[in-house]
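Trainee: okay, predicted coordinates and the sequence, questions at the end:
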Amino acid sequence: MTKIKLTIEYVGTDFCGWQSQKNGNSVQDAVERALGKYFGCDFVRVYAAGRTDVGVHANGQVAHFVTDKPVNCYKLCLGVNTALSDSVAVTNAEEVCDDFDARFSALSKTYRYRVYVSPTRRPSLDVNHAQVYKPLDVEAMRQAARLLVGTHDFAAFQKTGSNLKGTVRTVNSFDVTDNGDGTIWFTVNGNAFLYNQVRLMCGLLVEVGKGKFRSEDVTAMLNGVKLKFRTMPAKGLTLERVYY
């Protein structure tokens, strides 16, 4: 038996998320069907580093599968991609050791949330950016982001519907980058995240950038106080990389 690690890139707009669902077009289903076509069977089960929600993108999702057939990793990428839509592609494949697990071997993940500042809609950015209509105080957002770094109870940064046990997570880094072209990136690395945690953290920082909240409000949320503000839309979020 051979275990293969896949790196997968996708635009989440056309999918109901990563995970296979009975009534939906998931990225997992698309990849499994494409692998099945390549190997001459109905599908090949794949196991991912983690789920991404409906509308969320990935540049570096990682998954693995096991096969008893010989694999040429270069030809695998080319062959599988011919059976995938333009919204998803396997960008790399490599043979890994038997004890590798895409989910449980992962040490951390990096997500990036992208926004653009403009009073009018920018169609070329709308695919993977959220629109903010007025300028943001980037330095205030950077200072607030530093408060989120470390090991905290992120219970207030979790949407209902999560089935994860425990709410303590570790954020290793949280950077706010002004690219000088009207776009701002929120880049966060952590060991794991709660349901909608990244989008809620970025939503809070945007409110700080607008002047509606202050650093004290970030501290309050870390202490369990739930504040009311907009959860940033899924389209701005991308899973950039999984570290092993």
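Mentor: Right, received. Where do you want to start? Residues are numbered from 1 along each chain as shown.

Trainee: helices of the protein, start to end?
Mentor: Taking DSSP state H as the criterion, the chain carries its helices at 27-39, 73-81, 123-126, 138-148, 197-210, 215-222.

Trainee: output these in TSV, with distance to His57, mean neighbour count and mean pLDDT appended to each entry.
Mentor: For glycine as for every other residue, the C-beta is placed from the backbone atoms N, C-alpha and C. Shown next, in TSV, are the helices of the chain (distance: least, CB to CB, whole Å; neighbours: other CB atoms under 10 Å; pLDDT from 0 to 100):
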stretch	distance to His57	mean neighbour count	mean pLDDT
helix 27-39	10	21	97
helix 73-81	17	16	97
helix 123-126	13	11	96
helix 138-148	21	18	98
helix 197-210	13	24	97
helix 215-222	26	16	96
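
Trainee: with distance to Val90 added, can I get the ones you listed in a markdown table?
Mentor: Formatted as a markdown table, those follow (distance: least, CB to CB, whole Å):
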| stretch | distance to Val90 |
| --- | --- |
| helix 27-39 | 7 |
| helix 73-81 | 5 |
| helix 123-126 | 26 |
| helix 138-148 | 33 |
| helix 197-210 | 24 |
| helix 215-222 | 38 |
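
Trainee: so which of those helices gets nearest Leu107?
Mentor: helix 197-210 (17.3 Å; CB to CB).

Trainee: excluding chain neighbours, what is closest to the residue most central in space within the chain?
Mentor: Of all residues in the chain, the one closest to the mean position by CA atoms, centre = their mean is Leu239, 3.0 Å from it. Among residues not flanking Leu239 along the chain, Ala58 sits closest, at 4.2 Å (CB to CB, 6 or more residues apart in numbering).
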